[in-house]
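*Asks:* The sequence and its predicted three-dimensional model are supplied below.
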Amino acid sequence: MGTRPRVGMTAPKPGAMVRRLMGIYPSSRKASAAPWGAACWGIVALAAACGAPGRQLHPFSGDEFGVFAPGAGTPPPIRCAGTLEERFACVRGELEQKAREVDVGGAFALSMPDGQIRAAAQTDTLNARASLTEETRWAAASVSKMFLAAAAVSLKEEGALDLQQPIAAYLPELAGDGGVGRATLHQLLTHTSGLGNPEQCTTPDDDLPGLIERYGKQRLLAPPGAVFNYSNVGYSFVALVLERVAGKPFEDVVRERVTTVAGIPGASYGFEPRVIRGHGPDVIPRRCRALWPSGGLMLSVRELARWANELAHPGNSRLGRPLIELLTAPHVPTDDRPGAAYGYGVKRIEHDGVTIFSHAGRLEDATAIVAWSPERQIGVAAFANTSQPLLFPAAFRALSTFLALSPDWAPPPGPAHPLSAYAGLYVDDAGTLGRVRFSIEDDALVLDYLDGPPPLLPATFSFHFDTGTLHPRYVVTPVGVGERRGD
């Protein structure tokens with residue numbers, strides 16, 4: 001027991017976290033990324049990669065703190081102007097030049113107000129024998145979530161699903177106290193179920209039904225609806241409900257109700273090593289079917305841009321305005337940026353007075369992002385065959401160019417409350433965070449693990465306040481949720 005020793009030396013500055021403003025999460029673990037610079041994993045598994053963190057926490061924006069100090073990088077200026085066609089040609093040239101400099105393959109597309117798609121692809125030396133094209137299908141990673149969510153909303157509109165009903169009503173084997181059965185589909189889709197984010201794949205053959213035995217009765221990290229805590233496995237449970245209600249594989253439900261209706265019938269689930277080469281096949285076997293609902297959709301950049309076009313034109317969309325409005329509604333605040341909210345598989349922010357919807361994701365060998373503005377009826381989509389977050393700032397810089405917005409997407413600096421508000425003892429009874437004390441030293445918030453550090457050290461700490469309270473009720477991390485138990 002007692003106060004844990006200092007973890008390590010002062011960390012280098014990897015840059016401000018894009019995850020806080022875009023909702024970027026890989027399909028297997030939370031990620032943090034720099035908008036204009038380097039990046040580190042959200043769970044500090046390899047101290048050598050990012051530098052070992054110390055006790056001092058650094059304020060980001062809103063009520064989120066991190067063990068790594070945000071960088072002070074300035075976004076590159078926008079040099080492209082003219083018509084949308086001229087801006088696309090300019091952005092395309094810049095992206096191709098940058099891709100050659102860093103030797104990364106990828107694809108980028110613009111969805112224009114008239115529904116036309118402009119796309120480009122860049123092959124790296126590792127893919128020289130099989131060039132990447134605009135039609136190459138990529139792993140969409142966490143972008144996959146909004147497609148599954150759209151299928152759930154479609155069933156809801158027909159009366160086959162009640163999103164506010166505990167999922168034990170559809171999966172009776174989950175009935176009982178304490179487990180995920182008492183969470184609703186709404187809470188699973190908004191990452192507020194309290195389930196946490198355990199690994200979905202332990203072997204290549206792990207399937208969705210196995211998650212019921214592994215995690216169905218597991219004690220929740222927080223009461224359903226209490227906190228926003230990103231959960232990939234939560235979407236796997238949504239897929240289980242869809243299969244039970246529809247009587248068919250969730251892949252068929254998504255294809256029949258979402259991708260075919262949206263005009264992208266070629267989108268499908270599964271990971272194909274032949275599509276994204278150059279990074280080794282060893283990362284592919286662990287991508288079992290249990291992971292597909294949260295990160296396993298395969299589609300081309302043109303298809304993803306067509307999807308953005310459907311969502312950017314809710315009045316004319318084949319999906320229907322009611323479905324899109326429910327999908328993109330600001331269901332829960334994310335506590336990381338004023339006005340930021342999460343819908344069903346969709347992140348929502350305001351930038352320069354314009355509403356921007358987006359989602360992004362990262363796997364071991366690929367990154368993906370889609371973003372759109374219904375007000376301007378413009379969308380962007382992009383993929384890259386790298387796990388580094390190079391794609392994300394490029395995509396948002398392009399969006400700034402097309403929408404004539406400020407290139408600086410950084411949220412206002414935090415914290416949102418006095419440092420004294422966050423200080424106190426927090427106890428995690430279900431995860432691996434243990435007992436954690438936050439206190440003030442030298443005008444900074446510092447962290448002590450009273451039971452010793454957990455096996456995986458979280459890189460971010462998000463504090464959740466109940467309405468009208470002076471102190472947060474919970475501190476949320478990828479490895480556990482601590483409830484405040486005193487000063």
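*Replies:* Looks like it arrived, so ask away.

*Asks:* C-alpha from now on. contacts and neighbour counts both.
*Replies:* OK.

*Asks:* now residue 477, nearest residue through space, not along the chain?
*Replies:* residue 461 (5.3 Å; CA to CA, 6 or more residues apart in numbering).

*Asks:* Need the pLDDT of that neighbour.
*Replies:* Note for residue 461: predicted pLDDT of 96.

*Asks:* Just list the residues touching it, thanks.
*Replies:* Residue 461 sits next to 64, 65, 66, 475, 476, 477 when contact means CA atoms under 8 Å, 6 or more residues apart in numbering.

*Asks:* Note down every partner strand of the helix or strand hosting it and its orientation.
*Replies:* Secondary structure assignment for residue 461, by DSSP states H and E: strand 460-464. Taking DSSP bridges as the criterion, strand 460-464 forms sheet pairs with strand 64-66 (antiparallel), strand 474-477 (antiparallel).

*Asks:* now, which of the contacts of residue 461 sits nearest residue 452?
*Replies:* residue 477 (16.0 Å; CA to CA).

*Asks:* Can you name the residues bridging to the closest one?
*Replies:* residue 480.

*Asks:* That one: what's it in contact with?
*Replies:* Shown in contact with residue 477 (CA under 8 Å, 6+ apart): 229, 458, 460, 461, 462.

*Asks:* Just put those residues in TSV and tack on distance to residue 132.
*Replies:* As requested, the contacts of residue 477 are exported to TSV (distance: CA to CA, whole Å):
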residue	distance to residue 132
229	35
458	36
460	36
461	39
462	39
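
*Asks:* ok, of those, which come out buried?
*Replies:* Buried positions within the contacts of residue 477, assessed by neighbour count (16 or more other CA atoms under 10 Å), are 229, 458, 460, 461, 462.

*Asks:* Now for those: which two are most distant?
*Replies:* 229 and 458 (12.8 Å).

*Asks:* Name the residues contacting each of these two.
*Replies:* Joint contacts of residue 229 and residue 458 (CA under 8 Å, 6+ apart) are 477, 478.

*Asks:* Please tell me how far residue 421 sits from residue 477.
*Replies:* 18 Å (CA to CA, to the nearest Å).

*Asks:* Now do the lengthiest strand in the chain, average pLDDT.
*Replies:* Selection of the longest strand in the chain by residue count, based on DSSP state E, yields strand 354-362. If you average the pLDDT over strand 354-362, you get 95.

*Asks:* same deal with stretch 220-229?
*Replies:* 95.

*Asks:* ok, now stretch 266-285?
*Replies:* Stretch 266-285 shows a mean pLDDT of 61.

*Asks:* so residue 307 sits in a helix?
*Replies:* Yes: counting by DSSP: H, G, I helix; E, B strand; the rest coil, residue 307 falls inside a helix.

*Asks:* Quick check: chain neighbours aside, which residue is closest to it?
*Replies:* Nearest one to residue 307, counting by CA to CA, 6+ apart, is residue 262 at 6.6 Å.

*Asks:* Thanks a lot, catch you later.
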